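>>> sequence first, then the predicted structure:
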Amino acid sequence: MTSTRGHHITVEPGTVHVRAVHEGQVLAESRRPLVLRETGCPDRYYLPPEDVRTELLTPSDTTTHCPFKGDASYWSLPGAADLVWAYPDPKPEVAAIRDHFCFYATEPVAD
């Protein structure tokens, strides 16, 4: 866990089966996501690259900076810009998410 003046982030192994779908197409599916919980943000699932259909994604020129996680890179689909992001070199406190992909739309799957 990292904590700075009331801001907390935890990263832990997830226990749910999650899937990322865009317009009916499955982009990723994982039974081993990492769950990132951050003050003021929804829980986010970070998926290992082996569980993501990276051949469908196109790297974007977009980058963003988070003072708690580091610099994020983005990927797009045709007609869906910056749909996915990852931290190639995250801050040490959240190093577990390195190169894991996070989707805006990730849902738990009922098994």
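Noted; the coordinates are in hand.
>>> just the strands in the protein please.
Per DSSP state E, the chain carries strands over the ranges 2-4, 7-13, 18-22, 25-30, 34-38, 44-47, 58-66, 70-77, 80-86, 101-103, 106-108.
>>> and the end-to-end length of stretch 46-55?
The straight-line separation of the ends of stretch 46-55 (Cα to Cα, to the nearest Å) is 18 Å.
>>> quick one: contacts of it?
Residues outside stretch 46-55 that contact it (Cβ atoms under 8 Å, 6 or more residues apart in numbering): 11, 18, 20, 26-30, 32-36, 75, 84, 86, 97, 99-103, 106. Glycine gets a C-beta too; all of them are placed from N, C-alpha and C.
>>> what of stretch 77-90?
By Cβ under 8 Å, 6+ apart, stretch 77-90 touches 20, 22-23, 27, 46, 52, 56-58, 60, 62, 64, 69-76, 94, 97-104.
>>> which ones are touching E29?
E29 is in contact with 17-20, 51, 109, counting by Cβ under 8 Å, 6+ apart.
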